[in-house]
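the sequence and its predicted three-dimensional model are supplied below.
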Amino acid sequence: MKRLFTSAALLFFLSTACSAEIFFKRNEKLWTVYGVQNEVNKNPACIAQQSWKDGSSIQLIKDLSDGELYIAMINNEWQITDPPGKYNMQVTVYTREEVTSTFTFEYTLIPKNHIVIRGIFEKDFIPNFVSASKLRFIMPGSIPNADINLQGSKAAIESIIDCAKKYKKSFI
């Protein structure tokens, strides 16, 4: 059932770009990692995605053209009434119940429940991401916080690296 939902979410994501081509796919516990290229108006990317039953999802995206690492998240519990634009938030990293790091990020609100966090510094973020058990997105104002279970995140990052290598090999 979980695999079916993940596949359905992936198909929904890709249906918005008819010419998208998946060149890599691997499941890592809660994460599905896939590589996509030839998507209209988007660079090729390796993406680790976690989805939930309500249709919410988080994607950790590695752009294969410019090297940028960023997060896209849809949280259907959010009904943000602010206009689309840039806002600040915090991401707290937990190992078990202990806070190990806190990051302040600028996010772009797309519509009421979709955000994008760009320009993530890999050398600071990835070691925390793979060693932690949970991320908490601390949203401004009355927007509910969101907790992200990081089970399998180390394997997901390793799969993103394998995905990027496969993409690079296709050009050698």
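Arrived safely, thanks for sending. All values derive from a computational prediction rather than experimental measurement. Numbering: from 1, shown residues only.

going forward, measure contacts between C-alpha atoms and count neighbours the same way
Noted.

state the distance from the residue nearest the centre of the chain to Lys134.
Centroid-nearest residue in the chain: Gln59, 1.8 Å away (criterion: Cα atoms, centre = their mean). Using Cα to Cα, to the nearest Å, we find Gln59 at a distance of 15 Å from Lys134.

with adjacent residues omitted, what lies nearest to the residue nearest to the centre of the chain?
The shortest distance from Gln59 to any residue other than its chain neighbours is 4.4 Å, reached at Gln49 (Cα to Cα, 6 or more residues apart in numbering).

residues near the nearest residue to Ser57 once chain neighbours are set aside, how many?
The shortest distance from Ser57 to any residue that is not its chain neighbour, by Cα to Cα, 6+ apart, is 4.2 Å, and that residue is Ser51. Residues lying near Ser51 (other Cα atoms under 10 Å) number 23.

again, but for Ile61
Neighbourhood size, Ile61 [other Cα under 10 Å]: 23.

what's the spacing between it and Ile47?
Here the criterion is Cα to Cα. By it, Ile61 lies 5 Å from Ile47.

and if you look at Tyr167?
13 Å.

next: Ile58.
Ile58 is 10 Å from Ile47, by Cα to Cα.

who's more crowded, these two?
When Ile58 and Ile47 are compared for neighbours, Ile47 comes out ahead with 29 against 21, by other Cα under 10 Å.

is it true that the more buried one touches Ile160?
Yes: with contact defined as Cα atoms under 8 Å, Ile47 and Ile160 form a contacting pair (6.8 Å).

for Lys42, pull up the helix or strand it's in.
When elements are defined using DSSP states H and E, Lys42 is found to belong to no helix and no strand.

go through stretch 87-98 and flag the buried ones.
Within stretch 87-98, the residues that qualify as buried are Met89, Gln90, Val91, Thr92, Val93, Tyr94, Thr95, counting by 16 or more other Cα atoms under 10 Å.

next one: the last one, what pLDDT does it get?
So that's Thr95. According to the model's per-residue confidence, Thr95 sits at a pLDDT of 90.

that one contacts Lys134, doesn't it?
Yes: A contact is recorded between Thr95 and Lys134 when judged using Cα under 8 Å, the distance being 6.7 Å.

downstream of the worst-scoring helix or strand of the chain on mean pLDDT, the next helix or strand is which one?
When each helix and strand of the chain is scored by mean pLDDT, DSSP states H and E, helix 2-15 comes last, with a mean of 41. For helix 2-15, the succeeding helix or strand toward the C-terminus, using DSSP H and E, is strand 21-28.

which strands or helices does the following helix or strand past that following strand pack on?
Next in sequence after strand 21-28, counting helices and strands by DSSP H and E, comes strand 31-37. Using 3 or more Cα pairs under 8 Å, 6 or more residues apart in numbering; DSSP states H and E as the contact criterion, the elements in contact with strand 31-37 are strand 21-28, strand 45-51, helix 153-169.

great, nothing more from me.
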